[in-house]
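S.K.: sequence first, then the predicted structure, then my questions.
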Amino acid sequence: MFLAVDNLGKSFSDQDDESFEVFSEIDLNIEENQFVSLLGPSGCGKSTLLSMVAGLESISKGSIKLEGEEIKKAGPDRGMVFQSPSLFPWLNVKENVLFPLKGHWSKQEASERADRFLKMVHLSRFKNHYTHELSGGMQQRVAIARALAMDPKVLLMDEPFGALDEQTRHILHEELMKIWQETQKTILFVTHSIQEAIKLSDRVVVMGTRPGRIIADFTIDLPRPRKREDEEVIALERKVMDLLEGEINKVLKEELSHEVSY
Amino acid sequence: MKLAIKRIAFLVVVLGIWQLIYSIGIFENIVFPSPSKVANALYTGFADGDFVKALGASFRHLFMGLFLAILFGTTIGVLLGKSRQADETAGMYLIALQSIPSIVWVPLAIMLFGFSEFAVVFVVVLGGTFVMALNVRIAIHSVPPQLIRAARTMGTNGIPLFFRIEVPSSIPYFMTGIRLAWAFSWRALMAGELLSNGPGLGYSLRYAQDYARMDQVIAIIIIIGVIGAVVDQLVFSKLEKNVMRRWGLLKT
């Protein structure tokens, strides 16, 4: 298997050394070139799971293997795009894309690669601009170009379009689809938007909360581009919504009962 | 342009009040000189080269002291910023040291190094080091964790992470540190020189006082104020603002 998550568990311990379990016994296998979404309500641990694949969070139990190799720390074989663009403000757009290439590619190759990926996200014209001169959507495109330029085996995206307005998000969905088809990358995409997950993915993994776990796994083979109005899309949306409603109610109930007991 | 007129008008009013108080004769002429007499003292001071020599000596002390203060302050700041252990142990003492007015160090400096120029530099170093260290510590702590996470996913760790992310990211706060270190050092310099055996602007001030030359005293006070403001506005504030703008921390 390309990316194998095996019996994975994550728990944090707070100041009193009491441990809090985010999730346990997560099994997930992802094939190469697939676009997989992790969907779930807040608190289900989907972002934590993604950070563990990135190597930014330690693994409490179980293992994650990428092409058979166990993940122990962060590395350039897994590119990550965060919800905030996380660009380096002291560098211009092109220098940002060059950042991960330094030392791995020759100067000329690195420059050509940076140009190529900036062209892919339609930002060639802005390569000499500073990042704070760009809009939020453009900044996120730079972040995507930067992650792709280092040629990772898998692209991890943590609610990358969550902070953008509806229209920009729509445009970036289409761009991401094109980039994905062009580069044939494996993409693991975290979102809390049912619509977004269904629109983009080959496969939607739905997570529940308290404790965090996988509650459903849909394979979507509808033709692209998918329209919101398509009947199959609407039917799928409803199905996922019904699944998640129970989970969201559970969180709500727990929070409300907390209020009362105080 | 309009702003300049307003500022000049304000100055004229202040000079007018000064002249008025002088003319009424509330204070004796020897302790309260007229504006024209102070202007004359300013002119002759520069014409004779007395003020120029004193200024030269003061700037020599200042640059030596400030350079060392930035060097020591940065070293201490990076240490406290990077090592939690060091910060927990020594961090609060740094704040205590920073709150000590620099004139307090003067007796110590004189006892240690005598009435030498080195004693003055010593006071300047102490005046600037702690505020620099505090700001460098804040600079290191204020590096957005998100940028560090992003860099780690690009395979950047350890020492390269420090030089490629933490250092450039903390430059705006570092600049604030340098501006404040300059301001503190300038004050410390005057305190140190006032009690020294010269040369220096502070020494000239006390010398003028000893000979009851109030016109010179006020002239030197004006020089100290003007230099403080000009250097801050033209050099450090400008530098800091440019860096902030470049880093996207200031809207243009």
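M.R.: Perfect, I can see it now.
S.K.: okay, helices next: where are they in the chain?
M.R.: Unless you meant another one, I'm taking chain A. Assigned by DSSP state H, chain A shows helices spanning A:46-54, A:93-98, A:107-120, A:136-149, A:166-183, A:194-200, A:231-261.
S.K.: chain B is the one I meant
M.R.: B:2-24, B:35-48, B:50-82, B:84-98, B:105-113, B:117-141, B:145-153, B:158-161, B:167-194, B:201-210, B:214-230, B:237-246.
S.K.: any residues of the stretch 101-250 of chain B in contact with chain A? List them.
M.R.: With CB under 8 Å from any CB of the partner chain as the criterion, the stretch 101-250 of chain B comes near chain A at residues B:144, B:146-147, B:149-157, B:164-165, B:168-169, B:171, B:246-249. Bear in mind the C-beta positions are built from the backbone N, C-alpha and C, glycine included.
S.K.: quick revisit: the helices of chain A into a markdown table, with extra columns for distance to residue B:91 and mean neighbour count?
M.R.: Listed next are the helices of chain A as a markdown table, based on distance: least, CB to CB, whole Å; neighbours: other CB atoms under 10 Å in any protein chain shown:
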| stretch | distance to residue B:91 | mean neighbour count |
| --- | --- | --- |
| helix A:46-54 | 30 | 23 |
| helix A:93-98 | 34 | 24 |
| helix A:107-120 | 41 | 16 |
| helix A:136-149 | 35 | 24 |
| helix A:166-183 | 43 | 15 |
| helix A:194-200 | 45 | 22 |
| helix A:231-261 | 37 | 12 |
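S.K.: can you say which of those is nearest to residue B:29?
M.R.: helix A:93-98 (66.0 Å; CB to CB).
S.K.: and that closest one, what does it pack onto?
M.R.: The contact analysis (3 or more CB pairs under 8 Å, 6 or more residues apart in numbering or on different chains; DSSP states H and E) places helix A:93-98 against helix A:107-120, helix A:136-149.
S.K.: residues in contact with whichever residue of chain B sits closest to chain A?
M.R.: Residue of chain B nearest chain A, by CB to the nearest CB: residue B:248 (2.9 Å). By CB atoms under 8 Å, 6 or more residues apart in numbering or on different chains, the residues touching residue B:248 are A:89, A:130, A:131, A:132, A:133.
S.K.: which pLDDT does the model give the residue nearest to the third one when sequence neighbours are not counted?
M.R.: In space, residue A:131 comes closest to residue A:87 once its chain neighbours are excluded; the distance is 4.2 Å by CB to CB, 6 or more residues apart in numbering or on different chains. For residue A:87, the model assigns a pLDDT of 96.
S.K.: tell me which of the helices of chain B sits most buried.
M.R.: Comparing those by mean neighbour count (mean count of other CB atoms under 10 Å in any protein chain shown), helix B:117-141 comes out on top with a mean of 25.
S.K.: was I right about residue B:81 contacting residue B:137?
M.R.: Yes. With contact defined as CB atoms under 8 Å, residue B:81 counts as touching residue B:137 (4.5 Å).
S.K.: now do the shared contacts for these two.
M.R.: Common contacts of residue B:81 and residue B:137 (CB under 8 Å, 6+ apart): residue B:87.
S.K.: where does the stretch 1-150 of chain A dip in pLDDT?
M.R.: For the stretch 1-150 of chain A, applying pLDDT under 70 flags no range at all.
S.K.: would you mind listing what in chain A touches chain B?
M.R.: Checking chain A against chain B by CB under 8 Å from any CB, the hits are A:54-56, A:73-76, A:78-80, A:82, A:84, A:86, A:88-90, A:99-100, A:130-133, A:146-147, A:150, A:156.
S.K.: tell me which residue of the stretch 101-250 of chain A lies closest to chain B.
M.R.: Going by CB to the nearest CB, chain B is nearest to residue A:132 of the stretch 101-250 of chain A, at 2.9 Å.
S.K.: pLDDT wise, what is the closest residue to that residue other than its chain neighbours at?
M.R.: Leaving aside its sequence neighbours, residue A:132 sits nearest to residue B:248 (CB to CB, 6+ apart; 2.9 Å). pLDDT for residue B:248: 83.
S.K.: sorry, back to before: format the helices and strands packed on helix A:93-98 as JSON lines; extra columns: distance to residue B:213.
M.R.: JSON lines is the format used below for the helices and strands packed on helix A:93-98 (distance: least, CB to CB, whole Å):
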{"stretch": "helix A:107-120", "distance to residue B:213": "66"}
{"stretch": "helix A:136-149", "distance to residue B:213": "63"}
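S.K.: what sits against residue B:193?
M.R.: Counting by CB under 8 Å, 6+ apart, residue B:193 makes contact with B:58, B:61, B:120, B:200, B:201, B:202, B:203, B:205.
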